[in-house]
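Enquirer: What would the 3D arrangement of this be:
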Amino acid sequence: MGSSDNTKRCTILTQYFPPDMGGASTRCYNVAKGLTLSGWDVMVITTVPHYPSGETPRRYRLRPWTTESMEGIRLLRLSSTLVFVS
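Expert: Numbers count the residues shown, from 1 in each chain. Now for the predicted structure:
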């Protein structure tokens, strides 16, 4: 994406995002999906999934971060140890 690219961009920072369950996760997903469907380039920065079980899925363990895509939404998932250690 060069400097002449007119794509609108949005970054959403949230503690919870699917597959985590709950109101915050659902609302952030709906905002991100709506913006994506409207032509925005959306990046969500969040933690690795862990709610409600409290357990981190195996594929996220021992990694400081992972990147993935969900329905056109770019995700950057940070390890909770990175989030809470300064």
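
Enquirer: Look up phi and psi at residue 10.
Expert: phi -140, psi 140 (degrees, to the nearest 10).

Enquirer: For beta bridges, what are the partners of it?
Expert: residue 42 (DSSP bridges).

Enquirer: Would you confirm that it contacts residue 44?
Expert: No. Residue 10 lies out of contact with residue 44 (C-beta atoms under 8 Å); the separation is 9.2 Å. C-beta coordinates here come from the backbone N, C-alpha and C atoms, glycine included.

Enquirer: Residues in contact with both of these two, list them for me.
Expert: Common contacts of residue 10 and residue 44 (C-beta atoms under 8 Å, 6 or more residues apart in numbering): residue 32.

Enquirer: So for the two, which residue has more residues nearby?
Expert: Between residue 10 and residue 44, counted using other C-beta atoms under 10 Å, the more crowded position is residue 44 (21 against 13).

Enquirer: Mind checking what secondary structure that one has?
Expert: Here residue 44 is recorded as strand under DSSP: H, G, I helix; E, B strand; the rest coil.

Enquirer: Which residues are in contact with it?
Expert: 11-14, 17, 28, 32, 73-76.

Enquirer: Let's have those in TSV, adding secondary structure, distance to residue 49 and pLDDT.
Expert: Below are the contacts of residue 44 laid out as TSV (DSSP: H, G, I helix; E, B strand; the rest coil; distance: C-beta to C-beta, whole Å; pLDDT from 0 to 100):
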residue	secondary structure	distance to residue 49	pLDDT
11	strand	19	97
12	strand	16	97
13	strand	16	96
14	coil	12	94
17	coil	8	94
28	helix	13	96
32	helix	15	98
73	strand	15	97
74	strand	16	98
75	strand	10	97
76	strand	13	97
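
Enquirer: ok, these vs residue 54, which is closest?
Expert: Proximity of these to residue 54, judged by C-beta to C-beta, is greatest for residue 17, which lies at 16.5 Å.
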